[in-house]
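Visitor: Pasted the sequence and its predicted model underneath.
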Amino acid sequence: EDEQLHARIRAAKEALGEKLVILGHFYQRDEVVQYADFVGDSFQLANAALTKPEAETIVFCGVHFMAETADILSSADQQVILPNLAAGCSMADMADEESVEEAWEDIAEVYGFDPEDPQPDAEGKLPVIPVTYMNSSAALKAFCGRHSGIVCTSSNAATVLEWAFARAHRVLFFPDQHLGRNTAKAMGVPLEQMPMWNPRRELGGNTEEGLREAKVLLWHGFCSVHRRFTVDQIEQARAEHPGCQVIVHPECPMPVVDAADAAGSTDAIRKFIAASSPGDTIAVGTEINMVNRLAAEYPDRTIFCLDPVICPCSTMYRIHPGYLAWVLDELVAGRVENQIIVDDEVAAEAKVALDRMLAAKP
Ligand code: 13P
Ligand code: SF4
């Protein structure tokens, strides 16, 4: 039966030819990745959506926010398909538009600006700029577009924060507290200047003085895959494999990133391993499908996942080859299933924030 499924995918790809491009995130399972014309991290996939204008259909093997981004960045006559609509991201769901709008109003009250029209001070700086991690809904990217804000991914978060600090006294960073904290810390921002924004209407855990000094207001989101990694696992890996190197994704909690030898986006992890030497041992703190693929690609090195219990991203995993075969069969038959369409107005505002990211230079 599996063979039949794969034969269907191959036949549909052949029939659709240049009209189709399949994009796959590094966290996709091998049975899906093998069909991707381009495999990459979130930033590379956002760019890839721009580089194939001749393809009328982009089938995105990843999660919902990535497909939305592809729809926003691709040309008007391209359509984007997500093989399984249930492939979301629990972190992206931790910041909804209403809560962020409400927080923005509270923040405007604390810092004394008009939430609809913040004005720069004598230094030319805005009081706060919103920065959203790519792992967020199109509506939040649009929120950033409307409020002089910007999008970042894990591969350009430091560049984007620098861009923001050049234009504002502080940033509101959402949804991932860990990426925000780890990135700002590496840039030298002291921990006490990056309080969690308390989502309740009252100040809650935030003191007025703390908020005055704050450089980064962190949202309370996290990735359920990466928050599983612990310092104990790193210590155990080092005890069992003396001399091993440890690299983790910056969505991991700060103590884990601090204890590791390096931290970086999925593509940075790939590059770290590509630059290692035969015989090296590398423990990796990220999603298991990617770690296993790297281990198979470099059989002359010992590469393993820090978490001994298998840790896939359960929503990435929802892109089963069966769904891929189905959407491709439908396309061959002239039917479009599971298309991701971002509302025009939202897309236009989100594109402003995405374009700022694509133009931000280190
Ligand atoms: P990157 O591919 O940008 O490293 O992101 C990892 C991730 O969690 C995607 O959801
Ligand atoms: Fe979301 Fe984490 Fe899965 Fe990435 S790995 S899609 S952040 S749940």
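Guide: Here it is on my side, so go on. Ligands and ions are numbered 1, 2, ... in the order given.
Visitor: ok, which stretches of the stretch 101-250 of the chain are helices?
Guide: Using DSSP state H, counting those that start in this stretch, the helices found in the stretch 101-250 of the chain span residues 138-146, 157-165, 177-186, 208-213, 231-240.
Visitor: Any idea which of these gets closest to ligand 2?
Guide: Closest of these to ligand 2 is helix 177-186, at 9.3 Å (criterion: CB to the nearest ligand atom). All C-beta atoms are positioned from the backbone trio N, CA, C, and that covers glycine.
Visitor: do the closest one and ligand 1 meet at all?
Guide: No - Helix 177-186 stays clear of ligand 1 (CB under 6 Å from any ligand atom), getting no nearer than 9.1 Å.
Visitor: between that helix and helix 157-165, what angle do the directions make?
Guide: Angle of helix 177-186 versus helix 157-165, following axes from the mean of the first three to the mean of the last three CA atoms, to 10 degrees, is 80 degrees.
Visitor: just checking, what packs against helix 177-186?
Guide: With contacts defined as 3 or more CB pairs under 8 Å, 6 or more residues apart in numbering; DSSP states H and E, the secondary structure elements packing on helix 177-186 are strand 126-133, helix 157-165, strand 168-174, strand 216-218, helix 254-259.
Visitor: hmm, try it at 7 Å
Guide: Identification of packing neighbours for helix 177-186 by 3 or more CB pairs under 7 Å, 6 or more residues apart in numbering; DSSP states H and E yields helix 157-165, strand 216-218, helix 254-259.
Visitor: thinking again about what came up before, format the helices of the stretch 101-250 of the chain as CSV; extra columns: distance to ligand 2, mean pLDDT and mean neighbour count.
Guide: CSV is the format used below for these (distance: least, CB to the nearest ligand atom, whole Å; pLDDT from 0 to 100; neighbours: other CB atoms under 10 Å):
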stretch, distance to ligand 2, mean pLDDT, mean neighbour count
helix 138-146, 14, 98, 24
helix 157-165, 13, 98, 21
helix 177-186, 9, 98, 23
helix 208-213, 28, 84, 12
helix 231-240, 17, 98, 15
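Visitor: will you turn those into JSON lines that also has distance to Arg318?
Guide: Putting these into JSON lines (distance: least, CB to CB, whole Å) gives the following:
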{"stretch": "helix 138-146", "distance to Arg318": "20"}
{"stretch": "helix 157-165", "distance to Arg318": "26"}
{"stretch": "helix 177-186", "distance to Arg318": "23"}
{"stretch": "helix 208-213", "distance to Arg318": "40"}
{"stretch": "helix 231-240", "distance to Arg318": "26"}
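Visitor: Could you pull out the buried residues of stretch 6-16?
Guide: In terms of neighbour count (16 or more other CB atoms under 10 Å), stretch 6-16 has its buried residues at Arg8, Ile9, Ala12, Lys13, Leu16.
Visitor: What strand or helix carries the second one?
Guide: Taking DSSP states H and E as the definition, Ile9 sits inside helix 2-16.
Visitor: and the next element down the chain from that helix?
Guide: Remark: after helix 2-16, the chain's next helix or strand is strand 20-25, criterion DSSP H and E.
Visitor: just how off-centre is that next one within its chain?
Guide: Centre-to-centre, strand 20-25 and its host chain are 17 Å apart (CA atoms, centre = their mean, to the nearest Å).
Visitor: which helices and strands does that strand pack with?
Guide: Packing contacts for strand 20-25, counted by 3+ CB pairs under 7 Å, 6+ apart, involve helix 42-48, strand 57-61.
Visitor: For Ala36, which of those is the nearest?
Guide: For these, proximity to Ala36 was assessed by CB to CB; strand 57-61 is nearest, at 6.1 Å.
Visitor: what lines up beside the closest one in the sheet?
Guide: Using DSSP bridges, the neighbouring strands of strand 57-61 in the sheet come out as strand 20-25 (parallel), strand 79-81 (parallel).
Visitor: buried stuff in the helix or strand just after the longest one?
Guide: Put plainly, it is strand 20-25. Once the chain leaves strand 20-25, the next helix or strand it forms, by DSSP H and E, is helix 30-33. Using 16+ other CB under 10 Å as the test for burial, helix 30-33 gives Glu31, Val32, Val33.
Visitor: Ok, stretch 143-156 next?
Guide: Buried positions in stretch 143-156, judged by neighbour count with 16+ other CB under 10 Å: 143-145, 147-156.
Visitor: Identify the residues contacting it?
Guide: Outside stretch 143-156, the residues that touch it by CB atoms under 7 Å, 6 or more residues apart in numbering are 41-43, 97, 100, 126, 129-134, 141, 160, 163-164, 179, 249-251, 265, 267-268, 349-350, 352-354, 356-357, 360.
Visitor: again, but for stretch 65-85
Guide: 23, 25, 42, 45-46, 49-50, 53, 55-61, 64, 89, 92, 134-138, 318-320, 323-324, 327, 336, 338-342, 347, 350-351, 354.
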